[in-house]
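*Asks:* can you look at this prediction? I've put the sequence above it.
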Amino acid sequence: MSDRIGLVAFWKNYDRALYVRAARLADELGYDSFWLPEAWGYESFTLLTELALNTTRIKLGTGIVNVFSRSPGLLAMSAATVDEISEGRLILGIGTSGKRVIEGFHGCEFGKPLTRIRDVIRVVRTLLAGDRLSASGAKEHQYLPFMLAMTPARRRIPIYVAALKEKSIRSIGEMADGWIPTFWPYAQMQRGLDWIAEGARSAGRDPAEITCAPFSIAIPLGGDAATRKARELIAFYIGGMGDYYKELLTSFGYGEECKRVDQLYHVRKTRPEAAAAVSEGMIEALTISGDPRHCVDELRRRRDYGIDLPILNLPTDVPWEVLEMFIRAMAPR
């Protein structure tokens, strides 16, 4: 059984010095990878370069960058650059983000997201392999026969895709190296893995070669603190992160709970009550919470659902002492 574990920082209130320190410790303790998200704060590839210069072994992932605000060619250039600086340690994690961010912040059109994902994979693969861009098979644009004017450290960088819907997940099986589900119930992971397997077989690939790497919420706190924090996080994802997670969780049978939490969250006066509306069943389905020993054992048990690389969300807005305790408590054995 694989004991690989990744860590992912949160983009908001990102503390560069703190997370460099965290990445160094994770590198020393044998974590598989350290991931950085991107929203409308710091830019991810530059931050990963900083981490690359301060670590030696741990893989470094974009977790995730969207596929609209950079051209496919620029994504290939950025990936190749960081991969060279890190001496072959980059994992390119990509996703679509959402219409509000892509159009409202980046000023780009949010259209045909799955086609865009597939074209980015085609272009990145083609350029890294040293081939001409005109031969990429991209559907959205007729490219000229450009090639990268540098020699990539690796001709193939792993590409992981964050996706929640069936067609997108099947596409991962056809084209990508890993799947990053977020807020997907652990016990229901097989549904997504079946879609990946179908996509892989249709492309003549072995499904076992595709890594299941969910962003995972672990809360190693004793007493009621873990349950309280879990409820707050779930309420935030349901009420404060658009419709993606409501739709996902509704498809898994949590529709009534999602509706109630969402209603409470969207009224300022009742927002504090939203967390209390999150059930014990949802906490069990979506998080690993409890004292540190329980969290370590439970994380190991849940690998049986088909998880290859759990990527643990680091605690946010905490001092170094708390962050260090988390990293040491959940370190791979």
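*Replies:* That came in fine, so what should we check first?

*Asks:* nearest spatial neighbour of G137, chain-adjacent residues omitted?
*Replies:* Leaving aside its chain neighbours, G137 sits nearest to R122 (5.3 Å; criterion: CB to CB, 6 or more residues apart in numbering). The C-beta positions use only the backbone N, C-alpha and C, and glycine is treated the same way.

*Asks:* wait, I meant Y237
*Replies:* Nearest to Y237 is Y245, by CB to CB, 6+ apart, at 4.8 Å.

*Asks:* and the one you found, its phi and psi?
*Replies:* Here is the backbone geometry of Y245 (degrees, to the nearest 10): phi -80, psi -30.

*Asks:* count of residues packed around it?
*Replies:* Around Y245 there are 23 other residues, counting by other CB atoms under 10 Å.

*Asks:* now do I219
*Replies:* Quick note: I219 (other CB under 10 Å) scores 21 neighbours.

*Asks:* what's the closest non-adjacent residue to it?
*Replies:* Of all residues apart from its sequence neighbours, S289 sits closest to I219 (CB to CB, 6+ apart), at 4.0 Å.

*Asks:* what strands flank the strand or helix carrying the one you found, and is each parallel or antiparallel?
*Replies:* Element membership of S289 [criterion: DSSP states H and E] is strand 287-290. Applying DSSP bridges, strand 287-290 is found paired with strand 215-220 (parallel).

*Asks:* what's the first helix or strand after the strand it pairs with?
*Replies:* helix 225-240.

*Asks:* about what we covered before: ok, now which ones touch the residue nearest to Y237?
*Replies:* T182, F183, Y237, I238 (CB atoms under 8 Å, 6 or more residues apart in numbering).

*Asks:* most surrounded residue in those residues?
*Replies:* Ranked by neighbour count (other CB under 10 Å), these have I238 at the top, with 28 neighbours.

*Asks:* quick revisit: what distance separates the strand holding S289 from the middle of the whole chain?
*Replies:* Distance, stretch centre to chain centre, for strand 287-290: 19 Å (CA atoms, centre = their mean, to the nearest Å).

*Asks:* please point out which parts of stretch 140-156 sit buried.
*Replies:* By 16 or more other CB atoms under 10 Å, the buried positions in stretch 140-156 come out as Y143, L148, P152, A153.

*Asks:* average pLDDT for it?
*Replies:* Averaging pLDDT along stretch 140-156 gives 97.

*Asks:* so what touches that stretch?
*Replies:* 73, 76-77, 80, 83-84, 87-88, 112, 115-116, 119, 123, 125, 127-136.

*Asks:* what do you get if the cut-off is 6 Å, keeping everything else the same?
*Replies:* A80, D83, E84, G88, T115, D119, L127, L128, A129, R132, L133, S134 (CB atoms under 6 Å, 6 or more residues apart in numbering).

*Asks:* endpoint to endpoint, that stretch covers what distance?
*Replies:* Stretch 140-156 has an end-to-end distance of 22 Å (CA to CA, to the nearest Å).

*Asks:* how far out from the middle of the chain is that stretch?
*Replies:* Worked out by CA atoms, centre = their mean, stretch 140-156 lies 25 Å from the chain centre.

*Asks:* just among the contacts of stretch 140-156, which is most surrounded?
*Replies:* Neighbour-wise, those (other CB under 10 Å) top out at L127, 26 neighbours.

*Asks:* how about that one: what's its closest non-neighbour residue?
*Replies:* A76 (4.2 Å).

*Asks:* in three-state terms, label that neighbour for me.
*Replies:* Assigned with DSSP: H, G, I helix; E, B strand; the rest coil, A76 falls in the helix class.

*Asks:* residue contacts, it?
*Replies:* A76 neighbours (CB under 6 Å, 6+ apart): V123, V124, L127.

*Asks:* relative to R205, how far out is the second one?
*Replies:* This points to V124. According to CB to CB, to the nearest Å, V124 and R205 sit 17 Å apart.

*Asks:* so between those two, which is more surrounded?
*Replies:* Shown here are V124 and R205; by other CB under 10 Å, V124 has more neighbours (24 against 16).

*Asks:* quickly find the element holding that one.
*Replies:* Short version, using DSSP H and E: V124 is in helix 113-128.

*Asks:* elements contacting that helix?
*Replies:* helix 72-85, helix 166-175 (3 or more CB pairs under 6 Å, 6 or more residues apart in numbering; DSSP states H and E).

*Asks:* kindly reformat these as JSON lines containing mean pLDDT.
*Replies:* Formatted as JSON lines, the helices and strands packed on helix 113-128 follow (pLDDT from 0 to 100):
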{"stretch": "helix 72-85", "mean pLDDT": "98"}
{"stretch": "helix 166-175", "mean pLDDT": "98"}
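
*Asks:* so which of these gets nearest G63?
*Replies:* Checking those against G63 by CB to CB gives helix 72-85 as the closest, at 13.2 Å.

*Asks:* tell me the helix or strand right after the closest one.
*Replies:* strand 90-95.

*Asks:* off-centre distance for the first helix or strand past that next one going along the chain?
*Replies:* Later in the chain than strand 90-95, the nearest helix or strand by DSSP H and E is helix 99-104. On the basis of CA atoms, centre = their mean, helix 99-104 sits 19 Å off its chain's mean C-alpha point.
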